[in-house]
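Engineer: Here is the input, now give the coordinates:
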Amino acid sequence: MANPFEFIQQVRSEGSKVTWPTRRETLITTGLVILMAIAASLFFLAVDWSIRIVLGYITALGR
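Structural biologist: As a prediction, this is how the structure comes out:
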């Protein structure tokens, strides 16, 4: 294993090779993630509600 000083130099070197996103790209990506999370939660809410209604009708038939 390299000494700590060499390790820190290698980490800094690799970090400088990374292509970091711009502020605009970060904001757009964050907005899309939030939008997809809301869409998925609404979808699962609707599916859950539908299954609850159907099962309610099925269990009411057995009474």
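Engineer: secondary structure class for the residue positioned nearest the centre of the chain?
Structural biologist: Closest to where the C-alpha atoms of the chain average out (CA atoms, centre = their mean) is Val33, at 6.1 Å. Of the three states, Val33 takes helix under DSSP: H, G, I helix; E, B strand; the rest coil.
Engineer: what's it in contact with, if anything?
Structural biologist: Contact analysis of Val33 by CB atoms under 8 Å, 6 or more residues apart in numbering lists nothing. Every C-beta, even on glycine, is put in place using the N, C-alpha and C of the backbone.
Engineer: Please tell me how far it sits from Thr26.
Structural biologist: 11 Å (CB to CB, to the nearest Å).
Engineer: Same check on Leu42?
Structural biologist: For Leu42, the distance to Thr26 - CB to CB - is 25 Å.
Engineer: ditto for Phe44
Structural biologist: Between Phe44 and Thr26 the distance is 27 Å, computed by CB to CB.
Engineer: Counting neighbours, what do you get for Ile8?
Structural biologist: For Ile8, the neighbour count with other CB atoms under 10 Å is 11.
Engineer: And the pLDDT at Ser16?
Structural biologist: On pLDDT, Ser16 comes in at 91.
Engineer: Who are the packing partners of whichever strand or helix holds Glu14?
Structural biologist: Using DSSP states H and E, Glu14 sits within helix 4-17. Here helix 4-17 touches no other helix or strand, going by 3 or more CB pairs under 8 Å, 6 or more residues apart in numbering; DSSP states H and E.
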